[in-house]
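Asker: Dropping a prediction and its sequence here:
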Amino acid sequence: MKRVFVGITGASGVVYGVTLVRALAGAGLQVPVCISPSGRKVLRLEMGVEADPEEADAPEWLRGSGEGVSVFPHEAVEAPFSSGSYRTDAAVICPCSLGTLAAVAHGLSGNLIERVAEVMLKEGRPLILVPRETPLSLVSLRNMTLLAEAGAVVLPACPGFYHEPRTVLDLVRHVVSKITDRLGLGIDLVPRWGGGG
Ligand SMILES: Cc1cc2nc3c(=O)[nH]c(=O)nc-3n(C[C@H](O)[C@H](O)[C@H](O)COP(=O)(O)O)c2cc1C
């Protein structure tokens, strides 16, 4: 796996998305990123950072030490990842708002994030959606069932506590490691139960 698209939407927990991008880039992957307008608002509110919608170069807070991060506008449905012929190995929407989750479940593709998700489903490539919401309405539970039936992985942002977390970032890393494990990447972000590496 060499290229993983990450969509960051306007759900709480944008730090999960940022930490995921940094982990993927740090492992040497190419990471095209798209941030929804609401995602930008939540980035400002929760992390105090500004994501410029016109700036393609990833800011330091997003790319970390990695080289392979690039940022695409939400409306850029002409981006390469919009086509199944382009080799995007997997896509993760993290965090995933229930609005975007509903749109993907129902095949809407009104922006780059939704379109990439649709492409992953139709091409049979890995798609992971990371909702943060709780509690969940029957509407959202049904949308999640639709997605699972279509081959997507719904991976709620529910950190475990068995790795003896000391900081919020330890909890964030636990969720991100669930994502990277599901992608089959050997990235060790937190200690594993039983020491299995
Ligand atoms: C601070 C903040 C936190 C939010 N948290 C959530 C959330 O956890 N889940 C959710 O579905 N929507 C949440 N929302 C609402 C979404 O941002 C809103 O539904 C938006 O239309 C989603 O659009 P997007 O999917 O294009 O990003 C939040 C909004 C704000 C301002």
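Answerer: Perfect, I can see it now.
Asker: Count residues in the vicinity of G151, would you?
Answerer: 13 (other C-beta atoms under 10 Å). Quick note: C-beta positions are derived from backbone N, CA and C, even for glycine.
Asker: what's the answer for the one 5 residues further on, then?
Answerer: One way to gauge burial is a neighbour count; for P156, by other C-beta under 10 Å, it gives 16.
Asker: Need the nearest residue in space to it, chain neighbours excluded.
Answerer: Using C-beta to C-beta, 6 or more residues apart in numbering and skipping the chain neighbours, the partner closest in space to P156 is P131 (5.6 Å).
Asker: What is the neighbour count of the one you found?
Answerer: Neighbour tally, P131, other C-beta under 10 Å: 25.
Asker: just checking, it touches L101?
Answerer: Yes: between P131 and L101 there is a contact at 5.8 Å, judged by C-beta atoms under 8 Å.
Asker: Need the overlap of contacts for those two.
Answerer: Counting by C-beta atoms under 8 Å, 6 or more residues apart in numbering, the residues touching both P131 and L101 are 140, 144, 154.
Asker: So which of these are in helices?
Answerer: 140, 144 (DSSP state H).
Asker: which of the shared contacts of P131 and L101 lies closest to the ligand?
Answerer: Nearest to the ligand among those is S140, at 8.3 Å by C-beta to the nearest ligand atom.
Asker: Can you tell me how far that closest one is from E114?
Answerer: 16 Å (C-beta to C-beta, to the nearest Å).
Asker: Relative to the whole chain's centre, how far out is the helix or strand where A103 lies?
Answerer: A103 belongs to helix 98-105 when assigned by DSSP states H and E. Relative to its chain's centre, helix 98-105 lies at 14 Å (C-alpha atoms, centre = their mean, to the nearest Å).
Asker: What of stretch 97-108?
Answerer: Worked out by C-alpha atoms, centre = their mean, stretch 97-108 lies 14 Å from the chain centre.
Asker: wait, doesn't S97 sit right on G7?
Answerer: No: checked against C-beta under 8 Å, the pair S97 and G7 is beyond contact range at 10.0 Å.
Asker: Comparing these two, which residue is more hemmed in?
Answerer: Between S97 and G7, counted using other C-beta under 10 Å, G7 has the larger neighbour count: 31 against 23.
Asker: which residues does the more buried one contact?
Answerer: Counting by C-beta under 8 Å, 6+ apart, G7 touches 33-36, 91-94, 96, 100, 112-113, 116-117.
Asker: Can you tell me, leaving aside adjacent residues, what's nearest to the residue of the chain found nearest the ligand?
Answerer: Closest residue of the chain to the ligand, C-beta to the nearest ligand atom: G10 (2.6 Å). Among residues not flanking G10 along the chain, S38 sits closest, at 2.4 Å (C-beta to C-beta, 6+ apart).
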